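S.K.: Need a 3D model of the following:
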Amino acid sequence: MRRRMTLRAQLLMLQVVIVLVTVVGTGAVASFLQEHQLRDNYRDRMIGVAQSVSTMPVVIDAFDDADPSATIQPVAELVSKSSGIAYAVVMNKDGIRYSHPDPGKIGGHVSTDPGGVLSGDVYVGTQTGTLGRSWRVKVPIFDARHAVIGAVSVGVLESDLRAQYLANSGWLFLTIGIAAVLGVIGAAWVTLVIRKRIFGLEPEQIAGLLEEREAILHGVREGVVAVDDRGRIALINDAAVRLLSLPNGRELVGTHALDSLDADLVRLLDSGDAEQSLVLAGERVLLVRRDIARISGRAIGSILILRDNTELHTLLRDLDGVQGVADGLRAQAHGFANKLHVISGLLELGRVEQAVSFIAHERSGGTLSGVTGRTGIQELEVAALLLMKQARAEERGITTTIEPDSTLPVLASRPSAEILRADLITIIGNLLDNAAEATGAGGRISISVNERTAANGAGTFVISVADSGEGIPQALRERVFTPGYTSKAARPGPVSTGRGIGLTLVKRIATRHGGTVEIGGGLPAAGTPGPKGEACGARFTVTLPAGCGDIAPAGLAGASAGGTP
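M.R.: From the prediction side, this is the model:
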């Protein structure tokens with residue numbers, strides 16, 4: 001196979017060609033202009049000499065002499081030598097010479113046609129005569145009556161012009177040669193500099209590295225955003241565009257980060273040191289790590305590495321739900337064992353009637369059926385979440401009450417209903433977690449979930465969570481939805497902040513569905529009904545519209561509820 005020319009050779013050859021073409025072209029133009037300037041100078045000189053000879057009285061008067069050449073020849077020789085021209089030939093109207101550099105040709109007819117000049121015209125051009133090829137000027141001679149009586153031919157040999165041109169062009173050619181050599185040397189140096197700047201790589205290697213970089217950058221699941229030291233986005237991959245819900249990433253490159261990224265990300269960019277933080281982007285919880293980009297120890301910008309923590313939160317929520325159900329079942333099994341011991345003891349004591357009465361007064365049903373049976377909550381995942389949160393709250397000494405009038409039918413098996421189910425779980429879970437942290441041990445929480453179905457089959461879910469904590473002042477009821485705002489201390493660990501996103505997420509989910517979030521008064525603390533019976537604590541009420549068809553038909557809902565263990 002034919003070996004491809006290297007980039008170094010291509011650059012050197014291209015620059016050498018450019019230098020040589022430029023230098024040689026410039027030299028050719030300069031040489032051409034110099035030659036024309038030389039000819040123009042001689043032409044002006046020859047015209048002046050010819051007109052001067054043609055108007056000399058001594059020359060005009062000599063035409064009437066018996067031997068005009070005796071007077072005109074010395075004058076012509078003197079003029080030729082003093083003006084630096086090759087010859088000055090004077091002729092009569094018949095073309096007979098009265099002067100010539102070669103005296104032997106005086107009295108002979110001129111070698112070129114004198115018709116034009118003897119008719120009164122001035123001639124300038126190149127002709128071949130007795131002395132050779134010459135650049136000449138011919139001017140007519142007029143008498144006192146303005147009649148043509150002869151002509152003057154003044155010229156310089158082409159060989160003399162060429163010799164003078166070459167003598168004057170020596171420095172020009174030398175300069176052109178030196179410029180060409182310096183240009184080639186400069187081209188070689190520029191080639192070496194470019195080669196060094198691209199680390200000695202060939203174009204194919206650079207293209208391959210760029211393709212690999214793009215493939216790796218846009219193939220990873222983590223988002224990558226690079227911002228230069230001027231605060232402009234230098235690089236953003238597809239994962240970052242998806243996680244931040246941004247438009248086309250290629251259009252964002254070069255724009256200011258403050259105009260394209262969320263305020264939390266920009267705030268993280270402005271921090272001095274490398275750190276990682278939980279940031280809420282839209283409805284996604286992102287674990288963002290900021291690093292300083294350096295080249296040769298010099299900081300050139302910042303890099304944000306984004307990891308979607310929403311999936312991890314979902315898995316932890318599901319795990320907590322399973323763990324809560326398991327804890328509830330274990331507690332239920334322990335309770336049943338104690339009840340069996342009581343029944344066994346009564347039978348051993350012969351107290352059969354008391355044993356029958358004890359059994360008759362005990363309620364049947366499992367833990368989940370306790371939630372779905374005592375209330376109208378038929379959606380199993382929501383029931384499991386409430387059961388888990390209730391069990392966790394009781395472990396912390398918090399009384400959690402699910403209002404008996406709560407109603408939540410089974411949701412349909414369709415994509416929009418699945419999204420609605422996940423959003424309900426997220427809203428309820430965040431509100432209960434915030435309420436539990438606000439009340440602390442000995443506090444009370446009340447939750448109600450209600451569904452209102454419209455005539456067209458669509459509905460609205462109303463979730464209300466009240467606690468007996470300190471409440472939220474009126475001035476802060478809008479600020480609590482700001483990302484990162486929290487009245488609680490930050491959690492210890494490598495992540496700088498994991499708080500202040502729950503209520504923001506609730507607000508954004510409700511806004512996406514076209515719903516609302518309102519804050520009001522909650523429950524009074526235990527034993528303290530509040531002044532004049534007013535409520536203490538805080539109550540969050542969320543309205544969440546449901547689309548037509550998101551709620552399962554009544555028959556399917558009843559079957560699902562009836563099959564609850």
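S.K.: so what does the host helix or strand of Q164 touch, helix or strand wise?
M.R.: Counting by DSSP states H and E, the element that carries Q164 is helix 158-197. Here helix 158-197 touches helix 7-54, strand 132-142, going by 3 or more Cβ pairs under 8 Å, 6 or more residues apart in numbering; DSSP states H and E. (Each C-beta comes from the backbone N, C-alpha and C, glycine too.)
S.K.: Which strands and helices lie in contact with the next helix or strand after the first one?
M.R.: The reference is to helix 7-54. Under the assignment DSSP H and E, the closest C-terminal helix or strand after helix 7-54 is helix 57-62. In terms of contacts (3+ Cβ pairs under 8 Å, 6+ apart), helix 57-62 is packed against helix 68-83.
S.K.: Compute the inter-axis angle for the helix it packs on and helix 7-54.
M.R.: Inter-element angle recorded for helix 68-83 and helix 7-54: 140 degrees (by axes from the mean of the first three to the mean of the last three Cα atoms, to 10 degrees).
S.K.: coming back round to it: for the helix holding Q164, buried residues please.
M.R.: D160, L161, S169, I176, A179, A180, G183, V184, A187, T191, R195 (16 or more other Cβ atoms under 10 Å).
S.K.: ok, now stretch 108-121?
M.R.: Buried residues in stretch 108-121 (16+ other Cβ under 10 Å): V110, T112, P114, V117, L118.
S.K.: wait, is F358 part of a strand?
M.R.: No. The assignment for F358, made by DSSP: H, G, I helix; E, B strand; the rest coil, is helix rather than a strand.
S.K.: check which helix or strand covers the residue lying farthest from the centre of the chain.
M.R.: With distances taken as Cα atoms, centre = their mean, the residue sitting farthest from the centre of the chain turns out to be A66, at 99.2 Å. Assigned by DSSP H and E, A66 belongs to no helix or strand.
S.K.: where's the helix holding Q164 relative to the chain centroid, distance-wise?
M.R.: Remark: helix 158-197 is offset 45 Å from the chain centroid, using Cα atoms, centre = their mean, to the nearest Å.
S.K.: Could you do stretch 287-306 as well?
M.R.: Relative to where its chain is centred, stretch 287-306 has its mean C-alpha point 17 Å off (Cα atoms, centre = their mean).
S.K.: Over to stretch 132-147?
M.R.: 78 Å.
S.K.: what comes up buried for it?
M.R.: S134, W135, R136, V137, K138, V139, P140, I141.
S.K.: Adding distance to F461 and pLDDT, write these out as TSV.
M.R.: TSV is the format used below for the buried residues of stretch 132-147 (distance: Cβ to Cβ, whole Å; pLDDT from 0 to 100):
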residue	distance to F461	pLDDT
S134	112	86
W135	107	86
R136	112	88
V137	111	90
K138	114	91
V139	115	91
P140	118	92
I141	122	91
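S.K.: Looking at those, which is nearest G155?
M.R.: R136 (3.1 Å; Cβ to Cβ).
S.K.: isn't the closest one right next to G155, touching?
M.R.: Yes. Look at R136 against G155 with Cβ atoms under 8 Å: they come within range, at 3.1 Å.
S.K.: any shared contact partners between these two?
M.R.: Common neighbours of R136 and G155, counting by Cβ atoms under 8 Å, 6 or more residues apart in numbering, are M46, G129.
S.K.: Could you tell me how many residues sit around P545?
M.R.: Applying other Cβ atoms under 10 Å, we find 16 other residues in the vicinity of P545.
S.K.: scratch that, E437 is what I was asking about
M.R.: Applying other Cβ under 10 Å, we find 18 residues neighbouring E437.
S.K.: For it, pull up the helix or strand it's in.
M.R.: Using DSSP H and E, E437 falls in helix 415-439.
S.K.: C-terminal to that helix, what's the next element?
M.R.: strand 444-453.
S.K.: Parallel or antiparallel, list what pairs with that next one.
M.R.: strand 399-402 (parallel), strand 459-467 (antiparallel) (DSSP bridges).
S.K.: CSV for these, including distance to V266?
M.R.: As requested, the strands paired with strand 444-453 are exported to CSV (distance: least, Cβ to Cβ, whole Å):
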stretch, distance to V266
strand 399-402, 39
strand 459-467, 33
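S.K.: okay if I get those as CSV plus mean neighbour count?
M.R.: Shown next, in CSV, are the strands paired with strand 444-453 (neighbours: other Cβ atoms under 10 Å):
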stretch, mean neighbour count
strand 399-402, 18
strand 459-467, 22
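S.K.: and of those strands, who's closest to V21?
M.R.: Short answer: strand 459-467, nearest of these by Cβ to Cβ, at 79.4 Å.
S.K.: Show the subsequent helix or strand relative to the closest one.
M.R.: Following strand 459-467 toward the C-terminus (DSSP H and E): helix 502-512.
S.K.: So what pairs up with S134 in the strands?
M.R.: Counting by DSSP bridges, the residues bridging with S134 are Q127, L157.
S.K.: just checking, it touches R162?
M.R.: No. At 11.7 Å, S134 does not count as touching R162 under the criterion of Cβ under 8 Å.
S.K.: mind checking which of the strands paired with strand 444-453 is nearest N41?
M.R.: Per Cβ to Cβ, nearest to N41 of the strands paired with strand 444-453: strand 459-467, 102.4 Å.
S.K.: burial count for the closest residue to L172 other than its chain neighbours?
M.R.: Leaving aside its chain neighbours, L172 sits nearest to A30 (6.0 Å; criterion: Cβ to Cβ, 6 or more residues apart in numbering). Neighbourhood size, A30 [other Cβ under 10 Å]: 15.
S.K.: Now do A30 against Y42, distance only.
M.R.: 19 Å (Cβ to Cβ, to the nearest Å).
S.K.: Likewise for V122?
M.R.: The value you get for V122 to Y42, if Cβ to Cβ is used, is 15 Å.
S.K.: which of these two has more neighbours?
M.R.: Taking other Cβ under 10 Å, V122 and Y42 do not tie; Y42 has more neighbours (21 against 14).
S.K.: So the more buried one sits against L161, correct?
M.R.: Yes. Y42 lies in contact with L161 (Cβ under 8 Å); the separation is 7.0 Å.
S.K.: Now for these two: what residues contact both?
M.R.: W135.
S.K.: I'd say G116 and Q127 touch.
M.R.: No. Counting by Cβ under 8 Å, G116 does not reach Q127; the two are 11.3 Å apart.
S.K.: Identify the residue nearest L432 in space, chain neighbours excluded?
M.R.: Nearest non-adjacent residue to L432, counting by Cβ to Cβ, 6+ apart: K389, 4.6 Å away.
S.K.: what's the most centrally placed residue in the chain in contact with, if anything?
M.R.: For the chain, the residue nearest the mean C-alpha position is V253 (1.2 Å; Cα atoms, centre = their mean). Going by Cβ under 8 Å, 6+ apart, V253 touches I233, A234, L235, I236.
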